[in-house]
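Trainee: coords please:
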Amino acid sequence: MSEINDWNAAIAAEFRANAGIVGGQFAGVALLLLHTTGAKTHATRVNPLAYLDDNGSYYVFAAYGGAPIHPDWYFNLRAHPEVTVEVGSETFTAQAIEVTGPERERIYAAQMARSAQFAHYTKNTTRVIPIIELRRLATAE
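Mentor: Just a heads-up that it's a prediction; the model follows:
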């Protein structure tokens, strides 16, 4: 597990040092950092995730490379749906809400149009890949 955490930490450090821009395999990918609370451990986890900005709404995809199971962060946000999001140089609190039905299909099609890799994820698994909207929470002023 620490190898994955080290990998995520390195990407997060590059993300933060460059206002959300990351190179290597993520060059040109719209990436955000999703902070979740562990479903069982209650520990804070940070995952770099590809996202879709659809008219100011942020969506992330529990694709897990097309694996037959959902990624851990998906279970974390189901247990604790209030999350922190870093996009570019901005950080905000959001409510994680799973998108279903025709809206899910529309959002996934839009992401596939942006990144052919998401079509491969669908072909690699029999599960429906969850899509999560990260709905910004109002802040007290």
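
Trainee: wait, is P102 part of a strand?
Mentor: No: P102 is assigned helix when assessed by DSSP: H, G, I helix; E, B strand; the rest coil, not a strand.

Trainee: got the contact list for the longest helix along the chain?
Mentor: Across the chain, the helix with the greatest residue count (assigned by DSSP state H) is helix 2-17. Residues from elsewhere that reach helix 2-17, judged by Cβ atoms under 8 Å, 6 or more residues apart in numbering: 21-23, 26, 31, 33, 46-48, 86. In short, each C-beta sits where N, CA and C put it, glycine included.

Trainee: may I have stretch 78-89 exported as PDB, CA atoms only?
Mentor: Below are the C-alpha coordinates for stretch 78-89, written out as PDB (Å, rounded to 0.1, in the frame of the first residue of the first chain):
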ATOM      1  CA  ARG A  78     -19.500   6.500  -0.100                       C
ATOM      2  CA  ALA A  79     -18.800   6.300   3.700                       C
ATOM      3  CA  HIS A  80     -17.700   9.900   4.000                       C
ATOM      4  CA  PRO A  81     -19.100  12.000   1.100                       C
ATOM      5  CA  GLU A  82     -17.800  15.300   2.300                       C
ATOM      6  CA  VAL A  83     -14.400  15.700   0.500                       C
ATOM      7  CA  THR A  84     -11.800  18.300  -0.200                       C
ATOM      8  CA  VAL A  85     -10.800  19.000  -3.800                       C
ATOM      9  CA  GLU A  86      -7.700  20.700  -5.200                       C
ATOM     10  CA  VAL A  87      -8.100  21.900  -8.800                       C
ATOM     11  CA  GLY A  88      -5.300  24.000 -10.200                       C
ATOM     12  CA  SER A  89      -4.300  26.300  -7.300                       C
END
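
Trainee: re earlier: which among the contacts of helix 2-17 end up buried?
Mentor: 22, 31, 33, 46-48, 86 (16 or more other Cβ atoms under 10 Å).

Trainee: closest one of those to R127?
Mentor: Ranked by distance to R127 (Cβ to Cβ), these are led by N47 at 18.6 Å.
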